[in-house]
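Student: Predicted model follows, preceded by the sequence.
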Amino acid sequence: MPLDEGGLSGKFTKDTKFENGDFRQRFFGGDRLSELVDRVEKLIPLLDSEAKTIPELDLRYILSFDAISTVIPGMRKTNHVEENVSLSDGRKISPKIMEELKNHAWERNFYPYLDPSMKDTNYMEL
């Protein structure tokens, strides 16, 4: 989920509503959507010539690790495919931005809420 179920698409607002049956109603339920939007807004000042959008920043961040050679984000529209494929140019985020992104790490554990059996696994999503 490199774009965090759409959370890092840059398109969610605090007023975003998910259709009935969309699991994101629960995934981003309670105050999670508001917190997500606040955190994404704090990433906007990092956008520059290295990344022009939040999704680009996100995907370039992931691809900046030598151990990772590909990401598989969801792509519902042709322009999503084109944008995502364009990031396969081998360009990585600078060490300066990589260091800055450490300040935005978000320890969250949504799954025990969705799946109580995960509570005792110490699973953590960053």
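Tutor: Good, I have the coordinates.
Student: Out of the helices and strands in the chain, which is least certain?
Tutor: In the chain, the helix or strand scored least confidently by mean pLDDT, DSSP states H and E is helix 111-114, which has a mean of 53.
Student: list the contacts for P55?
Tutor: Taking CB atoms under 8 Å, 6 or more residues apart in numbering as the contact definition, P55 lies against 3, 8-10, 73, 83-84. C-beta here means a position set from N, CA and C on the backbone, and glycine is covered the same way.
Student: and if we set it to 7 Å?
Tutor: Contacts for P55 (CB atoms under 7 Å, 6 or more residues apart in numbering) come out as 3, 8-10.
Student: And it, how far from D38?
Tutor: To D38, P55 is 18 Å away according to CB to CB, to the nearest Å.
Student: And the closest residue to G74 other than its chain neighbours, how close does it get to P73?
Tutor: If the residues on either side of it in the chain are set aside, G74 comes closest to L3, at 6.7 Å by CB to CB, 6 or more residues apart in numbering. Counting by CB to CB, the separation of L3 from P73 is 5 Å.
Student: Ok, P95 next?
Tutor: Shown here: P95 relative to P73, a distance of 24 Å by CB to CB.
Student: Please apply the same query to I93.
Tutor: From I93 over to P73 (counting by CB to CB), the distance is 16 Å.
Student: Let's see the helix ranked longest in the chain as PDB, backbone CA atoms only.
Tutor: Taking DSSP state H as the assignment, the helix of the chain that covers the most residues is helix 32-43. Extracted C-alpha coordinates of helix 32-43, given in PDB (Å, rounded to 0.1, in the frame of the first residue of the first chain):
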ATOM      1  CA  ARG A  32      -7.600   9.000  11.800                       C
ATOM      2  CA  LEU A  33      -8.700  10.900   8.700                       C
ATOM      3  CA  SER A  34      -8.200  14.200  10.400                       C
ATOM      4  CA  GLU A  35      -4.800  13.200  11.700                       C
ATOM      5  CA  LEU A  36      -3.800  11.800   8.200                       C
ATOM      6  CA  VAL A  37      -4.800  15.100   6.500                       C
ATOM      7  CA  ASP A  38      -2.900  17.100   9.100                       C
ATOM      8  CA  ARG A  39       0.200  15.000   8.600                       C
ATOM      9  CA  VAL A  40       0.000  15.100   4.800                       C
ATOM     10  CA  GLU A  41      -0.300  18.900   4.900                       C
ATOM     11  CA  LYS A  42       3.000  19.000   6.900                       C
ATOM     12  CA  LEU A  43       4.700  17.200   3.900                       C
END
